[in-house]
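**Student:** coords please:
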Amino acid sequence: MGRWNGTFRYKNQQEPEKDPNTGFLVGGEDGEWMDGCLCQIDKYAPAKQYVGTDGQTHSYTYNLFVMKPYRCDDLTIGTEVEITLEDGTTDLFTIQGVDNQRRYIEIWG
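**Tutor:** Now for the predicted structure:
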């Protein structure tokens, strides 16, 4: 692990509910921003690529390392993440993968 060079916050999509009158799904908007914590952010330019188990090629720009005991139940594929780097710049991305290691959680997107 390197050093802490940024913070993050995230928001999950809320589950839609079924309208009892019409039977249609309603809701499912973006949830509220939740604060994360300090993390190590690695940025790749050009984007890093990997081949999934299904043979598809995926590319990602950011790798986040979050030390445990941070709870990662809400950090899932498809979660929107906003990072703030130590120089104050911010960026948004969607999580493409989560790897729950013994000492840290690795997120990429």
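**Student:** ok, what's across the strand from K48?
**Tutor:** Beta-bridge partners of K48, counted by DSSP bridges, are Y60.
**Student:** test my guess that it contacts Y60.
**Tutor:** Yes - shown here, K48 and Y60 form a contact pair, counting by Cβ atoms under 8 Å, at 5.8 Å. Yep, even glycine has a C-beta here, placed from its N, CA and C like the rest.
**Student:** which neighbours do those two share?
**Tutor:** Common contact partners of K48 and Y60 (Cβ atoms under 8 Å, 6 or more residues apart in numbering): W108.
**Student:** give me the nearest residue to N5, chain neighbours excluded.
**Tutor:** Using Cβ to Cβ, 6 or more residues apart in numbering and skipping the chain neighbours, the partner closest in space to N5 is E86 (4.8 Å).
**Student:** scratch that, L64
**Tutor:** I107 is the one closest to L64 (Cβ to Cβ, 6+ apart), at 4.4 Å.
**Student:** quick one, phi psi at the one you found?
**Tutor:** Dihedral angles of I107 (phi, psi; degrees, to the nearest 10) stand at phi -120, psi 140.
**Student:** show me what contacts it?
**Tutor:** By Cβ under 8 Å, 6+ apart, the residues touching I107 are 63-64, 66, 75, 81, 95, 97-99.
**Student:** let's see that with 10 Å instead.
**Tutor:** Applying Cβ atoms under 10 Å, 6 or more residues apart in numbering to I107 gives the contacts 8, 10, 36, 39, 41, 60, 62-66, 72, 75-77, 79, 81, 83, 93, 95-100.
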